[in-house]
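Chemist: Structure for this input, please:
(2 chains)
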Amino acid sequence: MNTFRLERAETVADALRTIAARDGQTRDGQTGEVKFVAGGTTLVDLMKLGVETPTQVIDINRLPLAGIQRTEDNGLRIGALARNSDVAHHADVTNDYPVLSQALLSGASVQLRNMATTGGNLMQRTRCVYFRDTAMPCNKRDPGSGCAALDGFNRNLAILGTSEHCIASNPSDQNVALTALEATVQIASSTKGERSVPIGDFFFLPGDTPERETVVEPGELITSVTLPPPQAGAKSTYLKLRDRASYEFALASAAVIITTNEGNIEKARIAMGGIATKPWRNRDVEVALEGKPASREHFENAARILLSNAKPRHGNQFKLELARRCLIHALTLATATGATDSTGRDGRAEQ
Amino acid sequence: MAKSETIESAASLSSGSGIEVAFKINGKPVRLALDPRTTLLDALRETLQLTGTKKGCDHGQCGACTVHVNGRRVNSCLSFAAMHDGDEILTIEGIGTPDNLHPMQEAFVEHDGYQCGYCTPGQIMSAVALLAEPCGPSNADVAECMSGNICRCGAYQNIVAAIQSVRDRHVIASVRDRRVILSEGATRSVAPESKGHRNT
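Modeler: The predicted structure follows:
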């Protein structure tokens, strides 16, 4: 692992001041990169692999950002340092946003969820094996070096939102649920103050700059994630399909939040994971369901729209069928008679 | 090598580029000066000679390095030791001794919950933490809660049996609609938690 300097920040202002002062500082003739570290589950892993090589790391674990509180409009503000396990088991989350709890509990292991944070998970990096291997070309890690995944091992990679430069999938479960929930991300900087970014605008498509993944710029810090007020009567589920039953990344996943009225779908919020370069929401899929009966025919149609622009490679062709079934099954679970709006137990039992 | 000598040599090795950290390990205050690259796992094994905690994958994928930090189980390979200033760390050495085994250690012996033994300290640290977590009652629930600990010998069935036997012997109480097992082990390993929520 490359050497780096570790500093501890005590407050948000302290962290922002430190990163503003250090960013771009040179060390050993090279421009230094500064990283915040919270749980460490992604960053420390990638530093060991030589994929992340910051010269300065700022420990933000002491910042007072771990709280989970109701907002004035009955939404929920989740601090950036709230651990995945605390969020997943928080009564306001299990009662009002069960899809987020389910998504979090489907990810990683208990140990990792005890470490991983809400803000850190928003910045989670891809599990593409070529991104993680510095001996291989990767446009995301080393822009312009090429993409070994296009014709290499790409079973776990994206079929939606890809470009000729990158097909890396976003591995997060949390972010799929946050996308369906239409969350907002609060980001602070020492120069620009705080800004709020809708989750739908937070992630970039790879295009010809796959190294740029989110709107978070150098010197900025995610401080919280805000959920809108829960939808009355909404039913939801998070369905995750993977190579083994636990402790594995999604090959395809779906976060589905549905309100129905006398058998017709009033409002649909759908995000997919494991199949795209970012948490994938396509408004056309939701529009195709809204105002229609909650029936197999319309679920099939929604899946057709979802996958109409999919570009699978040789190793992930199967995801066309897997994603289709994942969405249809998730919609079936969320709209089934007896599906509850508070626990999502029916959906969970199927995972 | 005595522990005090170890700590001293570590301090002199890293003087200049080192970072100081003070934490409690198994109840004892420890102050170290470390290269910032030192993970909590390496500090335990290499600096403090607490080699009960094992290094498996070193990437958070196997669970062999599981320890408790402030009462919750974590992968010690995935954080830098210097991030734990002020923390209370519990390792397998703090759970029990050969003469005075923790009930979970006894159960692993009783149920043959290991073969080669390399993953066992991590399995036991996870299992002890599980006693105080919102884990459901079935074997499948236990398997899910233990999925972060890989056993390449495949002793899983016996590990689940060992854990269930400890849970059976202790009081089952319902706390906030969740089944939480109260046990000696839990009392010993769980630190005060914020807002009264149980950890995962």
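
Chemist: Please parse the chain into its domains.
Modeler: Using chain A. Domain ranges of chain A: A:5-59, A:235-349, per automatic domain parsing.

Chemist: my question was about chain B
Modeler: In terms of domains, chain B is parsed into B:3-94, B:103-191 (source: automatic domain parsing).

Chemist: Quick check: the residue of chain A found nearest chain B vs B:T53, distance?
Modeler: As assessed by C-beta to the nearest C-beta, chain B sits closest to A:S109 within chain A, at 2.4 Å. (Glycine included, C-beta is placed from N, CA and C.) Distance of A:S109 to B:T53, given as C-beta to C-beta, to the nearest Å: 16 Å.

Chemist: Those two: which has the busier surroundings?
Modeler: Neighbour count, other C-beta atoms under 10 Å in any protein chain shown: between A:S109 and B:T53, A:S109 has more, with 26 against 23.

Chemist: ok now do A:L46, which residues does it touch?
Modeler: Contact analysis of A:L46 by C-beta atoms under 8 Å, 6 or more residues apart in numbering or on different chains lists A:52, A:125, A:132.

Chemist: And the next helix or strand past the strand or helix carrying it?
Modeler: Using DSSP states H and E, A:L46 sits within helix A:43-48. The helix or strand immediately downstream of helix A:43-48 is strand A:56-59, counting by DSSP H and E.

Chemist: so what's the residue of chain A closest to chain B up against?
Modeler: By C-beta under 8 Å, 6+ apart, the contact list for A:S109 reads A:246-247, B:63, B:147-149.

Chemist: same thing with A:A254?
Modeler: With C-beta under 8 Å, 6+ apart, A:A254 has these contacts: A:176, A:237-239, A:270-273, A:326-327, A:329-331.

Chemist: Tell me if it really is in a helix.
Modeler: No: applying DSSP: H, G, I helix; E, B strand; the rest coil, one finds A:A254 to be strand, outside a helix.

Chemist: That one: what's its closest spatial neighbour, skipping adjacent residues?
Modeler: A:A330 (3.8 Å; C-beta to C-beta, 6 or more residues apart in numbering or on different chains).

Chemist: which SSE is that neighbour in?
Modeler: helix A:319-335.

Chemist: For A:M1, which residues are in contact?
Modeler: A:47-48, A:50, B:37 are the contacts of A:M1 under C-beta under 8 Å, 6+ apart.

Chemist: Can you give me the pLDDT of it?
Modeler: For A:M1, the model assigns a pLDDT of 93.

Chemist: Give the burial count for the spatially closest residue to it that is not a sequence neighbour, as a bare number.
Modeler: Leaving aside its chain neighbours, A:M1 sits nearest to B:R37 (4.9 Å; criterion: C-beta to C-beta, 6+ apart). If you count neighbours by other C-beta under 10 Å, B:R37 ends up with 21.

Chemist: doesn't B:S79 make contact with B:R37?
Modeler: No: using C-beta atoms under 8 Å, B:R37 makes no contact with B:S79, being 11.8 Å away.

Chemist: any common contacting residues for these two?
Modeler: Joint contacts of B:R37 and B:S79 (C-beta under 8 Å, 6+ apart) do not exist.

Chemist: So the residue most central in space within chain A, which state does it fall into?
Modeler: Nearest to the mean C-alpha position of chain A, by C-alpha atoms, centre = their mean, lies A:N175 at 2.6 Å. The three-state assignment at A:N175 reads helix, by three-state DSSP.

Chemist: For it, which residues are in contact?
Modeler: A:N175 neighbours (C-beta under 8 Å, 6+ apart): A:121-122, A:124, A:199, A:203, A:273, A:279.

Chemist: Filter the residues you listed down to the ones in strands?
Modeler: A:G273 (DSSP state E).

Chemist: Present the contacts of A:N175 as TSV; the columns should include pLDDT and neighbour count.
Modeler: Below are the contacts of A:N175 laid out as TSV (pLDDT from 0 to 100; neighbours: other C-beta atoms under 10 Å in any protein chain shown):
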residue	pLDDT	neighbour count
A:N121	98	27
A:L122	98	24
A:Q124	98	19
A:I199	98	24
A:F203	98	21
A:G273	98	35
A:P279	98	27
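
Chemist: Tell me which entries of the contacts of A:N175 lie within helices.
Modeler: The helices, defined by DSSP state H, take in A:121-122, A:199 from those.

Chemist: Throw those into TSV and include distance to A:F4, thanks.
Modeler: Formatted as TSV, these follow (distance: C-beta to C-beta, whole Å):
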residue	distance to A:F4
A:N121	22
A:L122	22
A:I199	31
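
Chemist: residues from chain B in reach of chain A?
Modeler: Residues of chain B lying close to chain A by C-beta under 8 Å from any C-beta of the partner chain are B:17, B:19, B:35-37, B:39, B:58-60, B:63, B:66, B:72-75, B:77-80, B:82-83, B:85, B:126, B:129-130, B:133-134, B:143-145, B:147-149, B:176, B:194, B:197-200.

Chemist: now those: which count as buried?
Modeler: B:19, B:35-37, B:39, B:58-60, B:63, B:66, B:72-75, B:77-80, B:82-83, B:85, B:126, B:129-130, B:133-134, B:143-145, B:147-149, B:197-200 (16 or more other C-beta atoms under 10 Å in any protein chain shown).

Chemist: Keep only those of these that are in strands.
Modeler: If you go by DSSP E, these have B:19, B:66, B:72-75 in strands.

Chemist: which residues of the stretch 1-150 of chain A fall in helices?
Modeler: All helices of the stretch 1-150 of chain A, identified by DSSP state H, counting those that start in this stretch, fall at A:12-22, A:43-48, A:84-89, A:91-96, A:98-105, A:110-115, A:118-122.

Chemist: Which one, of these, ends up nearest to A:A336?
Modeler: Taking C-beta to C-beta as the criterion, A:A336 comes closest to helix A:98-105 out of those, the separation being 14.9 Å.

Chemist: Check which helices and strands that closest one sits against.
Modeler: Judged by 3 or more C-beta pairs under 8 Å, 6 or more residues apart in numbering or on different chains; DSSP states H and E, helix A:98-105 is in contact with helix A:84-89, helix A:91-96, helix A:174-180, strand A:235-241, strand A:252-261.

Chemist: and the residue of chain B nearest chain A?
Modeler: Distances between chain B and chain A by C-beta to the nearest C-beta are smallest at B:G148, namely 2.4 Å.

Chemist: Now for that residue: which residues touch it?
Modeler: Counted by C-beta under 8 Å, 6+ apart, B:G148 has contacts A:108-112, A:247, B:63, B:66, B:75, B:126.
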